[in-house]
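Engineer: whatever this is, show me its structure:
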Amino acid sequence: MKNKLTTIIKLALLAFFSLVWFLFIQAEYEMVTKPELQNDFPIIKGIYAVLFLGSILLIIGVIIVFLLYSIKKSCTAKN
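Structural biologist: Coordinates of the predicted model:
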């Protein structure tokens, strides 16, 4: 039962991070295609906003891969 619960929690986190990753990809695409949007970021302006968002995307991507790997590992351990 504990394994099922942790797998469900990992899947929920995976879905959440995937959604956030998709939204950030859309935001970065809009910033790159429409440069005037780069100045709408409240803290960082210009190209640094795009670089900051890219680094956040990289971190979220690593989290997604880690979650996928841990789910795969826990599913193969059961069998």
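
Engineer: where does the chain have low pLDDT?
Structural biologist: For the chain, residues meeting the criterion pLDDT under 70 lie at 1, 38, 41, 78-79.

Engineer: ok, which stretches of the chain are helices?
Structural biologist: For the chain, helices defined by DSSP state H occupy the ranges 2-33, 47-78.

Engineer: N39: which of these is closest?
Structural biologist: With C-beta to C-beta as the measure, helix 47-78 is the member of the helices of the chain nearest N39 (8.1 Å). (Each C-beta comes from the backbone N, C-alpha and C, glycine too.)

Engineer: picking that back up, distance to D40 added to the helices of the chain, as TSV?
Structural biologist: As requested, these are exported to TSV (distance: least, C-beta to C-beta, whole Å):
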stretch	distance to D40
helix 2-33	9
helix 47-78	8
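
Engineer: using a markdown table, please lay out these together with mean neighbour count.
Structural biologist: Formatted as a markdown table, these follow (neighbours: other C-beta atoms under 10 Å):
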| stretch | mean neighbour count |
| --- | --- |
| helix 2-33 | 13 |
| helix 47-78 | 13 |
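
Engineer: burial check on I44, number of neighbours?
Structural biologist: By other C-beta atoms under 10 Å, 13 other residues sit near I44.

Engineer: and the closest residue to it other than its chain neighbours, how far from L5?
Structural biologist: Nearest residue to I44, sequence neighbours excluded (C-beta to C-beta, 6 or more residues apart in numbering): F52, at 5.3 Å. Here F52 is placed at a distance of 35 Å from L5 (C-beta to C-beta, to the nearest Å).
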